[in-house]
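Visitor: Here you go, sequence then predicted model.
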Amino acid sequence: MKAIRVYADTSVFGGVYDEEFQQPSQTFFAQVKSGQFVLVTSAVVQAEMIAAPPTVRRFFEEMLSLAEVTDITVSALELRDAYLQAKIVTPKYSDDALHVALATVAGCALIVSWNFQHIVHFQKIPMYNAINTLQGYQPIAIYSPREVIRYEDEEV
């Protein structure tokens with residue numbers, strides 16, 4: 001089975017140390033290490049890590065050796081701006097829209113996030129994908145890590 005390209009935003013790295021999200025976040029990264037997922041992250045996540053607790057920063061640095069880091073491109077900024085023009089999120093949360101844009105432009109199959117307000121939200125996901133289609137990009141699946149990890153009792 002081919003590994004799936006997955007963009008992980010900042011919340012997933014922090015989730016490793018958050019009691020509520022710890023188990024699925026740890027399982028997700030274990031499955032990255034086992035080759036089930038190709039980890040993609042970005043310069044935005046790197047910048048957001050500056051304010052993260054030291055344990056989260058260290059974990060992120062460890063995972064960078066397994067990750068593809070996508071740069072902020074003109075195409076991603078234009079797609080982010082299209083999301084903002086569509087009022088999917090307000091300019092205050094433009095970095096959340098930029099995460100979705102970066103993942104889309106990088107050709108990821110899906111995004112994992114614990115951000116249920118601006119990214120993993122049932123009303124916003126079809127709106128992101130409508131803009132992706134209008135802008136000539138493929139739709140992108142958006143889930144929490146809990147929804148994408150493989151559980152031990154599953155068949156491949």
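Guide: Structure's in. What do you need?
Visitor: mind listing the strands for the protein?
Guide: 4-8, 37-42, 67-70, 110-112, 141-143 (DSSP state E).
Visitor: mind checking which of the ones you listed is nearest residue 85?
Guide: strand 141-143 (19.5 Å; Cβ to Cβ). Just so you know, the C-beta spots here come from the backbone N, C-alpha and C atoms, and that holds for glycine as well.
Visitor: before we move on, back to that, reformat the strands of the chain into a markdown table and put distance to residue 86 next to each item.
Guide: Below are the strands of the chain laid out as a markdown table (distance: least, Cβ to Cβ, whole Å):
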| stretch | distance to residue 86 |
| --- | --- |
| strand 4-8 | 20 |
| strand 37-42 | 21 |
| strand 67-70 | 22 |
| strand 110-112 | 17 |
| strand 141-143 | 16 |
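Visitor: For those, state which one has the densest average packing.
Guide: Comparing the strands of the chain by mean neighbour count (mean count of other Cβ atoms under 10 Å), strand 110-112 comes out on top with a mean of 25.
Visitor: which helices and strands sit right next to it?
Guide: Using 3 or more Cβ pairs under 8 Å, 6 or more residues apart in numbering; DSSP states H and E, the elements in contact with strand 110-112 are strand 4-8, helix 94-105, strand 141-143, helix 145-148.
Visitor: and the ones you listed as a markdown table, adding distance to residue 18 and mean pLDDT?
Guide: Shown next, in a markdown table, are those (distance: least, Cβ to Cβ, whole Å; pLDDT from 0 to 100):
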| stretch | distance to residue 18 | mean pLDDT |
| --- | --- | --- |
| strand 4-8 | 14 | 97 |
| helix 94-105 | 18 | 98 |
| strand 141-143 | 17 | 98 |
| helix 145-148 | 11 | 97 |
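Visitor: Fine, thanks again, bye for now.
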